[in-house]
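> Let me see the structure of the following:
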Amino acid sequence: MKSVLAIAGILALASCSSSEDFFTENLGDNNKSVKMTFTASQENGSATRTAIGTEGGKTKIHWSESDVIKVTNGTETNDFTLTAGQGTTKATFNGEISESATYYAIYPNQDGVSFSGNKFSGVQLKATQEAKEGSFDPKAAIMVAKSNGTNLPFKNVVAYFKVTPTFDCSEIVVTAHKSTDALAGTFDVAIDGEGTPSISITNGSREVKLTGTITANKDYYILLLPGTFENGFSVTLKPKDDNTKKYFKQKNSSFTLNRNDLWNLGKMEGATEVSESTIPYITFTADEEQTFKYYNYSYQVNTGVASDANKYLEYSVNGGEWKNFNDVLSVSFGGGNGDLRLRAKVDQGKYVVSDAGPMFKFGNETVKVNCTGDIRTLIDYENYYCANTSKAMFMNFFNSMTNLKSAPDLPSMELASQCYYAMFKGCTGLTTAPELPATTLANSCYYEMFNGCTGLTTAPKLPATTLDTFCYREMFYGCTSLTTAPELPATTLAMGCYDKMFYDCSNLSKVTMLATKYSTNWCLDNWLDNAGTSAQSRTLKLASQTVYNGLMNKGYLPEQWQLGQATIEYNNQ
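Next up, the predicted model:
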């Protein structure tokens, strides 16, 4: 049997796409069913952009001889089968239904779909789709139509990703980086007066898989739900004949996918390899022999359920065999022993390293230790680049490790409450902080993160514009070597967000805080107390003079940060 829908061709137009779908119609009439013929057409291509650097196109989708649509008049719903027009963009469908002033239609025919008012409910876009060379899984090509007559102008509900792999694949996976974003799943489709659909998701999946025969240098289409994906997405390609490797590309910024968009992801050239030799495991190195003393703490895998960390955490010394900590709580590394690597793969990505204190310590406090790698390899080392970090917590992970010289990467964009609470507190040997790219913060996520790091001279950029309760509270408390504070771009402050943030940063000489709304409780309490007292000069940059006056009135500026003892600058000048 021929594919239900086939791609006729891609016409190179400036970043335009057209994808056509059709949906079952519901009509409101109680008359006797009569034989009727509907003519189904598909919408013109809509303007779109490119996703990862390749040009878009104009896609025409043809009806096929096996196509069936559902038509409803609001009280009666029946199947209509294609009788003419296969191989073209316009076809006729025959069936029986009572005459009505308005009809609605949906394609493809799905079990369990209902209609009421102007909305189809219980529609499903599959999270696993079948690969079709030069085309897409027809069961996923969801379209709807509304008509006051027998011409049904179908419009796409979904959007399209085009991928052209450079090697044979067993699977291509698209993953949204934010756990609550949905690329597929069950949803309702409302149709407005112009016949344009909009969706409301009831049960979503952040991942869509394309499976089957996927051949090198051939085009394939993956159908996705429209929406805005705040933290971006990853595309993973798994080679057909090598299960030890996979390759991925990703977009780490906000991304909006509109219905009827076609995003050409291109040939995926330059994709990053994921294999045993390339995974950025958490790795400890030392010039002399050091001991990693592991404490058998339990931690929360699911909320309220304690689980033995040994079940998940594994280690490897000097590139050797991976082992867990069931039989050993102390491991030697460094010097002639080589490095120490850690990894884990935690159920559902819900991972708490410790809820009471550090789960490990170094045995010799005089031997310096460097730490490298990606912290997400302690959540899901096989898929670290798109690991679900929404429940991941690393509170107290390095707390009081005075011989720690460097920190691992913390690239997570989705943060959990208290995720990095006191993570490096008291790490006096740490001089440079890791990057913190998240733009939306969680409750207490950076609370006391670098508290007492007296050797810290370089703070991370803090790009977040959406803050949460106590998110930065005491973050740099007592960082006496810090001279310049990271810019604080958020315009609206949350309760306690900057409370004691730079308290006792005695050498701090420059602070930029651009908030214009700061009336919430404790948002700026003691944030600059005892800060800058040893600095040669101090510069404070605020959004406006009005903000300066307001901070003065609330007592948020200690004497050394007031006009006369500090240079005051304004962002609006």
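> What count of nearby residues applies to the nearest residue to residue 213 once chain neighbours are set aside?
Among residues not flanking residue 213 along the chain, residue 131 sits closest, at 6.2 Å (CB to CB, 6 or more residues apart in numbering). Every residue, glycine included, has its C-beta placed from N, CA and C. Other residues within reach of residue 131, judged by other CB atoms under 10 Å, total 23.
> Residue 131 and residue 109, how far apart?
22 Å (CB to CB, to the nearest Å).
> what residue ranges in this protein score low on pLDDT?
Within the chain, the stretches with pLDDT under 70 are 1-35, 44-60, 296-311, 347-357.
> how about the helices in it?
377-380, 545-554 (DSSP state H).
> tell me the most buried of those helices?
Per residue and on average, the most neighbours among the helices of the chain fall to helix 377-380, with a mean of 24 (mean count of other CB atoms under 10 Å).
> Just list the residues touching the residue nearest to the spatial centre of the chain, thanks.
A centroid search over the chain (CA atoms, centre = their mean) returns residue 177, at 2.0 Å, as the residue closest to the centre. For residue 177, the contact set (CB atoms under 8 Å, 6 or more residues apart in numbering) comprises 229, 231, 232, 233, 234, 250, 252, 386, 413, 414.
> hmm, which of those are the buried ones?
229, 231, 232, 233, 234, 250, 386, 413, 414 (16 or more other CB atoms under 10 Å).
> Hmm, the third one is touching residue 256, no?
No - no contact is recorded between residue 232 and residue 256 when judged using CB atoms under 8 Å, the distance being 10.9 Å.
> Could I get the contacting residues of the residue nearest to residue 384 when sequence neighbours are not counted?
Once flanking residues are discounted, residue 384 sits nearest to residue 376: 4.2 Å by CB to CB, 6+ apart. Applying CB under 8 Å, 6+ apart to residue 376 gives the contacts 384, 385, 387, 389, 392, 411, 412.
> would TSV of these with neighbour count be doable?
Shown next, in TSV, are the contacts of residue 376 (neighbours: other CB atoms under 10 Å):
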residue	neighbour count
384	21
385	22
387	26
389	27
392	24
411	18
412	25
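> Check the gap between the closest residue to residue 535 other than its chain neighbours and residue 526 for me.
Once flanking residues are discounted, residue 535 sits nearest to residue 509: 4.1 Å by CB to CB, 6+ apart. According to CB to CB, residue 509 stands 19 Å off from residue 526.
> How about residue 543?
Separation of residue 543 from residue 526 (CB to CB) stands at 21 Å.
> likewise residue 358?
27 Å.
> For stretch 70-79, C-alpha coordinates in PDB please.
Provided in PDB are the C-alpha atoms of stretch 70-79 (Å, rounded to 0.1, in the frame of the first residue of the first chain):
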ATOM      1  CA  LYS A  70     -13.400  11.900   9.500                       C
ATOM      2  CA  VAL A  71     -16.200  14.400   9.000                       C
ATOM      3  CA  THR A  72     -18.600  15.600  11.700                       C
ATOM      4  CA  ASN A  73     -21.500  17.900  11.900                       C
ATOM      5  CA  GLY A  74     -21.400  18.200  15.700                       C
ATOM      6  CA  THR A  75     -23.800  15.400  16.300                       C
ATOM      7  CA  GLU A  76     -22.800  12.800  13.700                       C
ATOM      8  CA  THR A  77     -19.300  11.700  12.800                       C
ATOM      9  CA  ASN A  78     -18.400   9.400   9.800                       C
ATOM     10  CA  ASP A  79     -15.500   8.200   7.700                       C
END
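> What segments of the stretch 251-400 of the chain are strands?
Along the stretch 251-400 of the chain, the segments classed as strands by DSSP state E, counting those that start in this stretch run 255-257, 262-264, 272-274, 282-285, 290-294, 298-302, 305-308, 314-317, 323-324, 330-333, 340-343, 360-362, 370-372.
> still on that earlier bit, okay, the contacts of residue 376 in a markdown table with distance to residue 87 next?
Listed next are the contacts of residue 376 as a markdown table, based on distance: CB to CB, whole Å:
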| residue | distance to residue 87 |
| --- | --- |
| 384 | 46 |
| 385 | 42 |
| 387 | 45 |
| 389 | 48 |
| 392 | 51 |
| 411 | 48 |
| 412 | 49 |
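> Would you check which pair of those residues lies furthest apart?
With CB to CB as the measure, no two of the contacts of residue 376 lie farther apart than 385 and 392, at 14.2 Å.
> Enumerate every residue touching residue 511.
With CB under 8 Å, 6+ apart, residue 511 has these contacts: 485, 502, 528, 531, 538, 539, 540, 541, 561.
> Give the bridge partners for it, please.
residue 540 (DSSP bridges).
> so how far is residue 501 from it?
Note on residue 511: its distance to residue 501, by CB to CB, is 10 Å.
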